[in-house]
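K.L.:
Could you look at this predicted model? Sequence included:
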Amino acid sequence: MATISHVHKTAKMSNKILVFHLESALLRSNSLFPYFMLVAYEAGGLFRSLLLFLSYPLVWLLGEQSPMGFSIMVFLTFFGVKKKTFRIGSAALPKFFLEDVGCEGFEAVMSFHRKVASSNMPRVMVEAFLKEYIEAEAVVAREIKSFWGYYLGVMHNINLHNKTLLNELHGYDNVVGIGSHNKYANSELFCHCKKLYLVNEAEKRSWDVLPREKYPKPLIFHDGRLAFRPTPSSSLAFFMWLPLGLCLSIFRFTVGILLPFNVSAPLLAFSGTRTTLSKPHTSLNQENEKKEGTTCREPYLLRFSPLFAELTDDIVPVAVNVKVSMFYGTTASGNKALDPFYHFLNPNPTYCIKFFERLQPWDTCQAGGKSRIEVANYVQSEIGRALGFACTSLTRKDKYMSLAGHDGISSIKEPPLEGKPCH
């Protein structure tokens, strides 16, 4: 047995199979509560997350890693959640996993070409992250029992897929494991390892956070309302803020809707809302103005639909950078009618808006002879340069397909017109 610091000192690992434990080999934090809290809030709502938070003292006394404490978190988080529509594991959790990954552990794991991952957390929470970002060939984790399409909040004891995988590993003599002192001995998976690297708590405390530029693939899309990591202490602050935040959100929303801009702007600023304009602009809402654009939470700019370039040569690019600390004001899978309320729930929501000069005639379709794609790409590059964001070829449709499983277009069809058709 050796520590994880010896991994890079050994020979080439590309021809070996790695078996690693997610919580031990990659994550810097030992607490699983934040991940269950995220699932409880995003999939079950405010009441379920409050119930899980109130149970944390009992979970802490029993131990998060103990069978009883862990079972309490699983039950309160998943009981009654609809299985078919559960997408938190692929849409929201990868962001928070990546922010908790240790650089040293990540480099050790990624030095192996073939990887088999294990986790104490339910498969539905970790499988998407481990396969898409860590490139694990297989994930060994327990399933949650379900009945009539709803999770029961109880874990399966035996996984037939895991048994098949164990039998396959038994025939290899080049299996290497990364685990910890208190987890590897009780796992059948690590019994097949010819060499085992151990991670101790002191070593993990010295790990650095994995920089964004070292992510195995760019984190562009993620969903969910919570913008912060809900540790026990931050969750306490969250629930203490909610009563005041709800009143403040209603006040901000009402003021912004009912009062004229020159009256509402000072009141909103007094309530904590910050708006920065790089250039005065008085006609933000004229009827003859047509808006085109989409949102992205990370410092990336999605591709615009080129149709706007064909409509007119009078094009004014606008760059908007929104900064929040507690809630995201946009969602792909949630109730979009609540977007403004969630945005105003933040203590200090900030808008940084930059208006560009109107496009020159030679940069447009009709007067300049440019193609619509050239105009759209030019506008995207100018906005990206101003914000310091990377431009992508991804579109709004790609975002909704990735996060919500649909193209983001309403399925409600307009009723047919009555009477005879026009000729």
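P.N.:
Okay, I see it.

K.L.:
got the phi/psi numbers for Val318?
P.N.:
Main-chain dihedrals, Val318, degrees, to the nearest 10: phi -130, psi 130.

K.L.:
ok, it - how many residues close by?
P.N.:
For Val318, the neighbour count with other Cβ atoms under 10 Å is 17. For the C-beta atoms, the positions are set from N, CA and C on the backbone; glycine is no exception.

K.L.:
residues touching it, list them.
P.N.:
By Cβ atoms under 8 Å, 6 or more residues apart in numbering, the contact set of Val318 is Gly293, Ile353, Lys354, Phe355, Phe356, Ile383.

K.L.:
correct me, but the third one touches Glu382?
P.N.:
Looking back up the chat, that one is Lys354. No. Under the criterion of Cβ atoms under 8 Å, Lys354 is not in contact with Glu382, lying 10.2 Å apart.

K.L.:
contacts for the helix or strand that contains Cys352?
P.N.:
In the assignment (DSSP states H and E), Cys352 maps to strand 350-355. Contacts with strand 350-355, where a contact means Cβ under 8 Å, 6+ apart, come from 273-279, 281, 316-324, 386-387.

K.L.:
quick revisit: so which of the contacts of Val318 wins on neighbours?
P.N.:
Of all the contacts of Val318, Ile383 has the most neighbours under the rule other Cβ under 10 Å, reaching 20 neighbours.

K.L.:
Touching, it and Leu301? I think so.
P.N.:
Yes. If you go by Cβ under 8 Å, Ile383 and Leu301 touch, sitting 6.1 Å apart.

K.L.:
residues shared between the contacts of those two?
P.N.:
Shared contacts of Ile383 and Leu301, defined by Cβ under 8 Å, 6+ apart, are found at Phe389.

K.L.:
In helices, which of the contacts of strand 350-355 appear?
P.N.:
When helices are assigned by DSSP state H, the members of the contacts of strand 350-355 inside them are Ala386, Leu387.

K.L.:
Tell me which of the contacts of strand 350-355 fall in strands.
P.N.:
When DSSP state E is applied, these are split such that Arg274, Thr275, Thr276, Leu277, Val318, Ala319, Val320, Asn321, Val322, Lys323 fall in strands.

K.L.:
List the buried residues for the helix or strand hosting Phe238?
P.N.:
Assigned by DSSP H and E, Phe238 belongs to helix 232-258. By neighbour count on 16 or more other Cβ atoms under 10 Å, the buried set for helix 232-258 is Ser235, Phe238, Gly245, Leu248, Ser249, Arg252, Val255, Gly256.

K.L.:
same check, this time on stretch 331-351
P.N.:
Neighbour-count burial for stretch 331-351, counted by 16+ other Cβ under 10 Å, picks out Thr331, Ala332, Ser333, Gly334, Asp339, Phe341, Tyr342, His343, Phe344, Leu345, Asn346, Pro349.

K.L.:
what separates the last one from Phe253, distance-wise?
P.N.:
If I follow you right, that is Pro349. Here the criterion is Cβ to Cβ, to the nearest Å. By it, Pro349 lies 12 Å from Phe253.

K.L.:
quick revisit: just the buried residues of helix 232-258 now: which is nearest Lys195?
P.N.:
Of all these, Ser235 has the smallest distance to Lys195: 39.8 Å, by Cβ to Cβ.

K.L.:
Spit out the contact partners of that closest one.
P.N.:
Contacts of Ser235 (Cβ under 8 Å, 6+ apart): Met37, Ser49, Phe53, Tyr56.

K.L.:
what do you get for Tyr151?
P.N.:
Here Tyr151 is in contact with Phe78, Phe79, Gly80, Val81, Lys82, Lys83, Phe86, Ile144, Lys145 (criterion: Cβ under 8 Å, 6+ apart).
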